[in-house]
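Asker: model this:
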Amino acid sequence: MTREKVKNFKEVIKKANSNIEVKKNDTAAHVGRSKVGTPGRKVEKTGSQRISTGPRSDISCTRVGGVCQPKRYICQGRYLRDKCSGAKTRQCCTPVGAWSVLCAGHHNNRVRACDVHGCGAFNSKRGNGLHKAVDLVCDDYGIVNAPFSGTLSGPVSRKDRAGNQYEGVKLVSDVHCVKIFNIRPYRHMGPASRGQALGYLLPLQERFSGITSHLELQMCDGSDPSHFI
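Answerer: You can find the predicted model right below:
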C-alpha cells in the first residue's frame, strides 16, 4: 500500500468516528428532553393517596334511628351529613325526639317556659346575648338519664355573667356530643347506655327564687339540640 493510499484510509476512519460522536450527542440530547417533559403539560401523580369514598353502608344512620334518603325529600327531624352510603345527596334523616327522656318521672323532654328569670328555648335572650342551649324541666334532686348511648368524657362547668357556677358532665357518641349542666353526676368517666342514670338534678330555687327547676342541655358545637329531644 502506497503512502498516499494510507493517508486516504486514515481520513476515512477519522470521518467515520466523527459521525459516530455526532449521533451519540443527538441521542443524549433527545433522552434529556424526554425527561424534562413537554412544556405546559400537567403530570398527574397518583402515588398511594387514598380517595375518600364516604361510608360504605347506612349503619351509622340507622344506629341513631335515622333513615337515609335524598335530601330533596322533606325530613320532619334533622338531616345529618356523612352518615349514608352512595351519593352525597343522600343524607340521614333523624326523627323528632330521637333521644330518650332525660328527666326521670317525665313523659317527654319539656322545654322550660318563660319565668321571672328568662326562657329556656334555644336562642332565647339572655341579657345582651342568646341562650345557646335548651333548658329541660326536671324535679329537684330528680334522676337525670342519658339521652343516648355513649361515653362520659369528664366533668364540665361554666359561669354566667353574675358569677354563678354550673357543674355537669359531658356525654359523647359517634354522632353526638352534649354537655349537661345543673346536675351532680354519679361519675364522670366511662360508658353510658341510653336511659342509664347519670346523676341527679341540683336545686336552683336557693339561688333563683321563682325559677323553674331544670337542667341545661348544650351541644358541644353550639348547635340547636331541639330536633333530637
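Asker: nearest residue to the middle of the chain?
Answerer: In the chain, the C-alpha nearest the mean C-alpha coordinate belongs to Val175, at 8.1 Å (CA atoms, centre = their mean).
Asker: that one contacts Val64, doesn't it?
Answerer: Yes. Counting by CB atoms under 8 Å, Val175 sits close enough to Val64 to count as a contact (5.2 Å). C-beta here means a position set from N, CA and C on the backbone, and glycine is covered the same way.
Asker: now do the shared contacts for those two.
Answerer: 80, 83, 148 (CB atoms under 8 Å, 6 or more residues apart in numbering).
Asker: just those: which are in helices?
Answerer: Among these, the subset assigned to helices under DSSP state H is empty.
Asker: let me know the closest of these to Ser57.
Answerer: Each of the shared contacts of Val175 and Val64 was scored against Ser57 by CB to CB, and Lys83 proved nearest at 10.0 Å.
Asker: burial count for that closest one?
Answerer: Residues lying near Lys83 (other CB atoms under 10 Å) number 24.
Asker: so for stretch 199-212, what gets flagged as buried?
Answerer: Neighbour-count burial for stretch 199-212, counted by 16 or more other CB atoms under 10 Å, picks out 199-202, 204, 211-212.
Asker: Throw the residues you listed into a markdown table and include pLDDT, thanks.
Answerer: A markdown table is the format used below for the buried residues of stretch 199-212 (pLDDT from 0 to 100):
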| residue | pLDDT |
| --- | --- |
| Gly199 | 97 |
| Tyr200 | 97 |
| Leu201 | 96 |
| Leu202 | 94 |
| Leu204 | 89 |
| Ile211 | 93 |
| Thr212 | 94 |
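Asker: from the shared contacts of Val175 and Val64, which one has the minimum pLDDT?
Answerer: Comparing pLDDT over the shared contacts of Val175 and Val64, the lowest score belongs to Leu80 (83).
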